[in-house]
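Chemist: Predicted coordinates and the sequence they were generated for:
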Amino acid sequence: MEFILQNFFNWDIVTQAWPLLLRGFGMTLILMAAVIPVGCIGGLTVALLGQSRFRAVRWMTIIYVDFFRAFPPLVLLIFIYAGLPFAGIDLPAIVSVCLAFLLNSSAYYGEVFRAGIESVGTGQAEAARSTGLSGFQTTTYVVLPQAIRNVLPDLVSNTLEVAKLTSLASVVALPELLYSADMARSVTFNATPIVMAAVLYLVLLWPLVRLLSRIEHGSMSSR
Amino acid sequence: MNAEITQWDRFLASFFDLAVMQKYLPNIVDGFLLTCHLAILIVISGLALGLILAVIRAYEFWLTSWLIVVFADVMRALPPLVFILLLYFGLPGVGLNLSGYAATYVTLTLVLAAFSEEIFRAGILATPKGQWEAARSTGLGFGQSLAYVIMPQAIRMTVPPLTNRTIAIAKNTALGTVVGVGEILNQATTGQSFSGNASPLVLGALAYLILFIPVVIFGRWVETRFAWRRT
C-alpha cells in the first residue's frame, strides 16, 4: 500500500509539479476553446456543401469526409508536423495542431450535421421558402435549429472526443496538460504527475460524459 | 521556368523518392500487419468485455452496477493516451513491467468495453417492456429471457453506433507509437528520421488509407442498411 502511494499519489511530487500542471491545464483549455468551434464551423460548412445542387460538389464532400475519417488523428497531426517542413512549409506546433484538428474534426462534425439536416423533412424547407424566406434564412431559422436538436447526442459525443483528442498535441511538444505531466514524470521518475493529469481530465470531462449518458439513453428508447 | 522545375523535382525527391520507398516498404508492411493484428485483438476482446458488463448490469445488483458505471465513466472521460502513459510508466514502479504493446492493448480494450457496454445497455433498455413480460410469462428465467429474447433485439439496434465506435477505437492503435509499438505510424516516422526524407511518411499514409477507407465505407453501408430496416 505504502508502495502504491509512493508511486502514484506522492504528495511531495504533487506540490512540486502543481504549478507546471496548472499551466498545462490552461493551455489545454485554450486549445479546446480554439479547436472545438473551428471543427464545428468547418463541419457545418462541409455539411452544407454536401447539400449542394451540384453533384460534383456533393461528391467532393463525401471524398473529403471519408478521406479524413480514414486517417487516425495522430497520423494526420504527425504528417502535418513532420511532413510539411519537407515541402518548405514550417509551421509552429500550435498551428499544426489547429490545422490537423480542422481537417479531422470538420469531417466528423460534417457527418453529424449531415445526418441532422437529412432528418428534417423536405416539407419544412419548402414551407419556409413558400412563406417568402430566402434560402439562407430557411437554412438558419428553420432547418438548422431542428437538425441540431435531432442530433444533439452525437454532437455532444463528438465534442467529447475532440476535447480528449487535444491530448495528442503533447506528441508534437505543445506544452498542454499531458505534455507537462509527462515532463514532470521524466524529471521525477514517478507516475504521480500523470495521475494528476488524469484527475484533471476527469474533473473537466466527467460532467460531459454524464450528460451524454442521459441524452443517449433517451434517444434510443424514443426510436 | 527553370526554377519551377527544380522546385517540383525537389518536391518529388522529398515525398516520392522511389529508392527510399523501396527501402522502407518492408518495414511499413510489418507495421501494417502489426496494426491489423492489434486492432483485431482489441475489437474482439473489447466488444466481448462490453457485452459481459452490459449483461451483468442488466441484473441490476446495486454494487456491480455502480462499479460498472464508475468504470465506464472513467474510461470514457479519460483521453486514451493518458491511460497508456499511466500503464506504461506507472506500473513498473510497482513491479509490473508492461510492454508498449500490452499497454496499448489493455487501454484500448478497456475504452472499447466502456463505450460498448453503454451502447449495449441503451439497447437493452430500449427493448419494449412487453418483450420481457412475454418472455417471463412463457416460463423462461431471467437469464434465458435476456439471452434468447432481449439481447438478439438489443444487439440489432446497437449495430450502427457500435460499428462507428469500433472503427474509431481501431484507429487509435496509432497511439501505440508513443510507447514504441512498431505499428504503421511508428515505422513511418522511424523511416523518415533515418532517411531524412518524407517518402516513408507518404507510404505510411497510403497504408492507413488502404486499411481504413474500406472500413469507413463499410461503416457507411451498415448505417444506411440498418436505418432502412428500422422504418
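Modeler: Happy to help now that I have it.

Chemist: Buried residues of the helix or strand hosting B:Thr109, list them for me.
Modeler: If you go by DSSP states H and E, B:Thr109 is part of helix B:100-126. Residues B:100-124, B:126 are the ones in helix B:100-126 that count as buried (16 or more other CB atoms under 10 Å in any protein chain shown). For glycine as for every other residue, the C-beta is placed from the backbone atoms N, C-alpha and C.

Chemist: restrict these to contacts with chain A.
Modeler: Counting by CB under 8 Å from any CB of the partner chain, B:118, B:121-123, B:126 from the buried residues of helix B:100-126 sit close to chain A.

Chemist: Read off the pLDDT value for A:Thr28.
Modeler: We note a pLDDT of 95 for A:Thr28 in this prediction.

Chemist: for A:Gly83, same thing?
Modeler: The model reports A:Gly83 with a pLDDT of 88.

Chemist: and it, how far is that from chain B?
Modeler: As defined by CB to the nearest CB, to the nearest Å, A:Gly83 lies at a distance of 5 Å from chain B.

Chemist: And A:Leu152, by the same measure?
Modeler: Applying CB to the nearest CB, the value for A:Leu152 to chain B is 15 Å.

Chemist: how about that residue, what does it touch?
Modeler: Counting by CB atoms under 8 Å, 6 or more residues apart in numbering or on different chains, A:Leu152 touches A:Ile215.

Chemist: just B:Asn27 next, same as before
Modeler: Counting by CB under 8 Å, 6+ apart, B:Asn27 makes contact with B:187, B:190-191, B:200.

Chemist: tell me which element it is part of?
Modeler: Here B:Asn27, judged by DSSP H and E, is contained in helix B:18-58.

Chemist: That helix versus helix B:100-126: what angle between them?
Modeler: If you take axes from the mean of the first three to the mean of the last three CA atoms, to 10 degrees, helix B:18-58 sits at 40 degrees to helix B:100-126.

Chemist: Now helix B:18-58: average pLDDT?
Modeler: What helix B:18-58 shows for mean pLDDT is 93.

Chemist: from the contacts of B:Asn27, which ones fall inside helices?
Modeler: Among the contacts of B:Asn27, the members falling in helices (DSSP state H) are B:187, B:190-191, B:200.

Chemist: so can I have a markdown table of these showing neighbour count and distance to chain A?
Modeler: Converted to a markdown table, the ones in helices among the contacts of B:Asn27 look like this (neighbours: other CB atoms under 10 Å in any protein chain shown; distance: CB to the nearest CB, whole Å):
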| residue | neighbour count | distance to chain A |
| --- | --- | --- |
| B:Gln187 | 25 | 12 |
| B:Thr190 | 17 | 11 |
| B:Gly191 | 24 | 11 |
| B:Pro200 | 26 | 10 |
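
Chemist: closest to B:Ile217 among those residues?
Modeler: For the ones in helices among the contacts of B:Asn27, the minimum distance to B:Ile217 (CB to CB) is 25.1 Å, reached by B:Gln187.

Chemist: Give me the nearest residue to that closest one, chain neighbours excluded.
Modeler: B:Gly31 (3.6 Å; CB to CB, 6 or more residues apart in numbering or on different chains).

Chemist: ditto for A:Tyr201
Modeler: Excluding the flanking residues, the one nearest A:Tyr201 by CB to CB, 6+ apart is B:Leu78, at 5.6 Å.

Chemist: How many neighbouring residues does that neighbour have?
Modeler: By the measure other CB atoms under 10 Å in any protein chain shown, the count of residues near B:Leu78 is 25.

Chemist: got the contact list for it?
Modeler: Counting by CB under 8 Å, 6+ apart, B:Leu78 makes contact with A:164, A:198, A:201-202, A:205.

Chemist: What about the residues you listed, which are in helices?
Modeler: Among these, the residues falling in helices (DSSP H) are A:164, A:198, A:201-202, A:205.

Chemist: got TSV for the residues you listed, with distance to B:Glu183, neighbour count and pLDDT too?
Modeler: Listed next are the ones in helices among the contacts of B:Leu78 as TSV, based on distance: CB to CB, whole Å; neighbours: other CB atoms under 10 Å in any protein chain shown; pLDDT from 0 to 100:
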residue	distance to B:Glu183	neighbour count	pLDDT
A:Lys164	20	22	95
A:Ala198	24	24	95
A:Tyr201	24	25	95
A:Leu202	28	16	95
A:Leu205	26	19	95
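
Chemist: Nearest to A:Tyr179 among the residues you listed?
Modeler: Proximity of these to A:Tyr179 (CB to CB) peaks at A:Tyr201, which lies at 13.1 Å.

Chemist: tell me the contacts of the closest one?
Modeler: Shown in contact with A:Tyr201 (CB under 8 Å, 6+ apart): A:164, A:167, A:177, B:77-79, B:82.

Chemist: By neighbour count, which of those residues wins?
Modeler: Taking other CB under 10 Å as the neighbour criterion, A:Leu177 ranks highest of the contacts of A:Tyr201 with 30 neighbours.

Chemist: residues in contact with that one?
Modeler: For A:Leu177, the contacting residues are A:21, A:24-25, A:27-28, A:167, A:170, A:197, A:200-201, by CB under 8 Å, 6+ apart.

Chemist: where does the chain dip in pLDDT?
Modeler: This is for chain A. Applying pLDDT under 70 to chain A flags residues A:217-223.

Chemist: Correction: the question concerned chain B.
Modeler: For chain B, the stretches with pLDDT under 70 are B:1-5, B:227-231.

Chemist: Could you report the neighbour count for the residue lying closest to B:Thr35 once chain neighbours are set aside?
Modeler: Leaving aside its chain neighbours, B:Thr35 sits nearest to B:Glu183 (4.4 Å; criterion: CB to CB, 6+ apart). With neighbours defined by other CB under 10 Å, the count for B:Glu183 comes to 28.

Chemist: contacting residues for B:Glu183?
Modeler: For B:Glu183, the contacting residues are B:31, B:34-35, B:38, B:173-174, B:176-177, by CB under 8 Å, 6+ apart.

Chemist: Okay, angle between the helix or strand B:Ile167 falls within and helix B:18-58 too, please.
Modeler: For B:Ile167, the element it lies in under DSSP H and E is helix B:151-171. If you take the same axes, to 10 degrees, helix B:151-171 sits at 150 degrees to helix B:18-58.

Chemist: does any part of helix B:151-171 sit near chain A?
Modeler: Yes: shown here: helix B:151-171 in contact with chain A (CB under 8 Å from any CB) through B:157, B:168, B:171.

Chemist: Enumerate every residue touching the most centrally placed residue in chain A.
Modeler: Central residue of chain A (CA atoms, centre = their mean): A:Val162, 1.9 Å from the mean position. A:Val162 is in contact with A:32, A:35-36, A:39, A:101, A:105, A:108, counting by CB under 8 Å, 6+ apart.
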